[in-house]
Each structure stands twice: as structure tokens, then as C-alpha cells.
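> Here is my input, please return the structure:
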Amino acid sequence: MAEQILFSGMVYLVGAGPGDPGLMTIRGLACLRRAEVVIYDYLANPVFLDEAPAAAERIYVGKTSGCHHTSQADINQLLIDKARTGKQVVRLKGGDPFIFGRGGEEALALHEAGIPFEVVPGVTAGFAAAAYAGIPLTHRDFTTSLALFTGHEKPEKKLSSLDWSKLATGVGTQVFYMGMANLAVISEQLVCHGRSPKTPVAVIRWATTPRQQVVEGTLADIVDRVATAGLKPPAVIVVGEVVGLRRQLRWFEDRPLLGKRVLVTRAAGQAGDFVRLLEQQGAEALPCPVIELVDPEDFAPLDAQIEHLADFDILILTSANAVERFFARLRGKGLDLRALAGLRVVAVGSKTARCIAAQGINPDLVPVDSRAEGVVAELLAEGVRDQRILYPRAALARPLIPEQLTAAGAEVAAPVLYRTLPAAEGAGRLRQALLGGLDAVTFTSSSTVTNLFALADEEQRAQLSRLPLFSIGPETSKTLRRHGLSVAAEASFSTLEGLVASLIEYYRKPAKG
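Numbering: from 1, shown residues only. Have a look, this model is predicted:
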């Protein structure tokens, strides 16, 4: 039709999964990373918003029990309006869009408006909640039937559409979404229609996240147990004999840092590995970048040394940042690995060694002590008299390496490779983290200590000083103490793994008093 309007916009109904960021699909992330508008729910993990382009418009339309931020009709119209502007729109929904997520209603509205759309499935909350609680929803020794229900229908229905006489005994495992307000009704109706009051029940709150909490009971007592535990929505209810397998199969809740909220003060581009290590142990890691890596004020001193690499005997790289920036500068000067022929390459620590290996070179020396002291000790043991050493460094790096190696007869060039500055976004992230409550603060360098406390106001400094503070090594601990702060624990090895281990050891100790 000549009058038909052609739309270049597109809507992606994306299931974000149940909460654990690792359960988002690859397709979902791909859509999110090119979105121009993100319209998101209460149950969609806010960490996903960082995956969208910085320029993308972010619109919150979440709903909680008794508090509808935006009506469904308004959400439908918002999707249509944004798509009609030609934008790529991601509708980010918790779980799966088509399982009690009203994705069907939104898709129908888009179809009727002539808006093209795509549905990206997500891991639904019921399946994930059971798995993370150690409950197999089906097991051939117990049941081979499974049914999903919403425990929160339209107000006028009041669960009346469910055929309780068939549901109670016709299905082995029942999973109720959004059923907390009707838990008593669900339990009562199942028992009244033939299900044994001894049937095991599990109620799982904030499934797959470090805040996960599980209350177990039976149809006869689960309401009282949930009340005693003070459990609130959002939660999933699992009913069936398979719940009894949780005693043997629970795995997620036994992680040593489960539920601990840990502030990570690394630079934005460097926090990922540390966050993953903490999450593997059950912690909720809250990135709060307090330092930003920038180029030196003048590259000339570094470039002058790069032009004469053949004159050096040893190259020392003391961090992943140094590795990435040094090789980037090398390539920027039109050089490749051949320029390092004949140099012994020294890495400070295993992570730095892995980064160097990723560039195509196996380090010649990786000291056991992952600090500047370790580098100096091992090189002095070998002897460095008359050796020419290149040490590209951070602007605020300690002078220990050049001073001690020079004193031992080496000639050391230490041009600045990068600088660290306070990160502008750190103040906002710190404020949000403190509002939500913290269990621990981690520091991976002296500069993270200095910059965090520079960003904090007087009240925030007082709050931070009352929290357990964890240090990656002796120098960072010294900086904390210079600020008048106590160190809860210091890593035995100055690595991210060592820092995580110090948290685990600290929280394993019995509480004093």
C-alpha cells in the first residue's frame, strides 16, 4: 500500500535470565550491545545496563508487588513509539519473555502496530532457581512430570483458573512463579485435593544471585517456616518429592563468600577478572572504579628507549597494564616481536606472565614473590652489573626497582608508560554501594586506597573505616595504615587469587565475642 509507513526500528524481547549475569544468552548480549534504547524490568540484573552502549537511552519500567511503576499498556505503547523513531530497542525482561513475563502481550501489541520484533529466550527463573538450590525438577526415581504455574494471576481470577483436583495429584513437580502472596492458598488447595501434607516444598528467593535464600518445609508447615524466616518476594515455590534431593545436591549455597557484598576498587577495564573470582566463591562483587589509566603527558622518553631496544639486555614488565600498553606502543611505532630479540623478559607474577605469553613471548623470569622486591631479589642473585635494563612503569610506581638495580651496577631506564588518575564515575558507584550495604572493601594497589578516600566525603570515609578492609600486599597495607585505617587481612600472595583467599580465610574464622 502506498500509504504504508516503513519502519527501520526493531524491538528485541530479550530474556535476561534469573539474575546471575553468566546465564544471559550470547544472542541476548549481542542485542544489548548494539541497543539504542533499553527498556528494562525490576527483575533484570542492573549489571546488564553496563553492556549497552554508553549513548543508549535507559528506561526503567519495573513492577513489584503492589507497586506498578508503569502500566502494561504504557509499556506496550512505549515500545511502539521508540521503534517508530527508527531505534533498535531492547526490551530487557527477567527470566524468559514468554514464561509469565508478559512477552506475549508485548509481542502481540508490536504485531498489531506493524513493528518488527525478535524474541530472544532466556533461562526461566523456575528452572534456574531449582538448579541453584540443588533440586532436579525431574528425576526418574521420583517423577517424570513437571508443570509451571503463576501464583499471581489477574486480580479477578484469584487462582480460580487452576484445576486443583487435577493439579494436586496429576503432576509430580509443581513450580509456582510469583506465588508468595498466595503461598497459604497454594498449600491448602494442594492438600485439600489429595496431595500429602508431608510433600516437600522449597521456597527460593533471589535465585542464582549471592542473595539467594532457600526455606524448606512441607505443605503442612511451609507457610510458618517462610514467616519465621521473614522471606519476601521475589521467590519461586517448588513442590514435589524431588525437593528432598537438595540435601545431597545443594552446591551454590555452600560457597564460602555467599551473600557477601564486596567493593572492588580496580580500574573499570581491569575489574572483570577479580569480579569473576569473587563471584565464583559466592560473593556479590560491586565494581567501583577509583582509578583511570591514561597516557603519559609525553611519550617522547618512552619512544626514545623503544627506538634503541637493541641496546638493552633486560625488559621488566610489572603488571598486565604495563604489558598491554607497552606492546601497543611497540606496534604503534611500526615494530613487532623481532624488536625484542636478545632481551630477557621479566614478568612480575603469574598474571603478568600470562599477558606476556598472550603477546607471543614466554617470559624468561617470573619471580616467586609477585612484587617489585621479588624481581630485585632474583635479578641481584644472578648479578646485573653492566646490564642495561628497560623498565616501562606507571608514573606513581615505587622507585625500588631502578634504585636497587642501579645501586648494584645496572643501567636502568624507567620511562613513564601510563598514569593513574581518579575515576570520575567512582563517586556515584561508591554512593550506591554504601546505600545497599557492604561487607568488605578490597584494595589492589596503593593508588586505589588513595583515590577511594579522595572520592569519599567525610561521612562515607567514616562508613568505610568501620568495614573490613582487605589488602593485596604490604605496600597497599602501609597506605591503608597511613590513612589511619585497620587492615582486616592481607593477601599471603600479592595476586587477585591471593586477595580472594584472604577474604575466604577471614570469613571462615569464628566470630569474636
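
> Which residues are in contact with residue 144?
With contact set as C-beta atoms under 8 Å, 6 or more residues apart in numbering, residue 144 has these partners: 138, 172. In this view, the C-beta of every residue, glycine as well, is placed from N, C-alpha and C.

> Recalculate using a threshold of 6 Å.
residue 138 (C-beta atoms under 6 Å, 6 or more residues apart in numbering).

> So it versus residue 171, what's the distance?
10 Å (C-beta to C-beta, to the nearest Å).

> Do you have the strands of the stretch 201-350 of the chain handy? List them.
Using DSSP state E, counting those that start in this stretch, the strands of the stretch 201-350 of the chain run over 213-218, 235-239, 261-264, 284-287, 291-294, 314-317, 344-347.

> Hmm, I typed the wrong one, I wanted the stretch 401-513 of the chain.
411-413, 416-422, 440-443, 469-471, 489-490.

> Out of those strands, which is closest to residue 281?
Smallest distance to residue 281 across the strands of the stretch 401-513 of the chain (C-beta to C-beta): 11.8 Å, for strand 440-443.

> can you give me how far that closest one is from the chain middle?
Its chain's average C-alpha position is 15 Å from that of strand 440-443, according to C-alpha atoms, centre = their mean, to the nearest Å.

> sorry, back to before: mind telling me which of the strands of the stretch 201-350 of the chain the model trusts least?
Lowest mean pLDDT within those: strand 291-294, a mean of 84.

> Return the set of buried residues in it.
Of the residues in strand 291-294, 291-293 count as buried by neighbour count, 16 or more other C-beta atoms under 10 Å.

> what's the burial count for the closest residue to residue 172 other than its chain neighbours?
Leaving out its chain neighbours, the residue that sits closest to residue 172 by C-beta to C-beta, 6 or more residues apart in numbering is residue 143, at 2.5 Å. Per other C-beta atoms under 10 Å, the neighbour tally for residue 143 reads 16.

> Could you check how far residue 143 is from residue 199?
Distance from residue 143 to residue 199, by C-beta to C-beta: 11 Å.

> ok, now residue 474?
On the measure of C-beta to C-beta, residue 474 and residue 199 end up 57 Å apart.

> Same question for residue 15.
30 Å.

> Compare neighbour counts for those two and give me the winner.
Of the pair residue 15 and residue 199, residue 15 is the one with more neighbours under other C-beta under 10 Å, namely 29 against 21.

> hmm, back to that, how close does the residue nearest to residue 172 sit to residue 200?
Counting by C-beta to C-beta, the gap from residue 143 to residue 200 is 12 Å.

> Check residue 234 too.
Residue 234 is 21 Å from residue 200, by C-beta to C-beta.

> Was I right to think residue 32 contacts residue 51?
Yes: applying C-beta atoms under 6 Å, one finds residue 32 in contact with residue 51, separated by 4.9 Å.

> So between these two, which is more surrounded?
The neighbour comparison of residue 32 against residue 51 (other C-beta under 10 Å) goes to residue 32, with 24 against 19.

> buried sites along the helix or strand in which that one is found?
Element membership for residue 32 (DSSP states H and E) is helix 26-33. Residues of helix 26-33 classed as buried by neighbour count (16+ other C-beta under 10 Å): 28, 31-32.

> And the contacts of it?
Helix 26-33 is contacted from outside by 12, 14, 51-52, 90, 120, using C-beta under 6 Å, 6+ apart.

> try 8 Å this time
Counting contacts by C-beta under 8 Å, 6+ apart, the residues touching helix 26-33 from outside are 12, 14-17, 38, 48, 51-53, 90, 92, 118, 120, 122.
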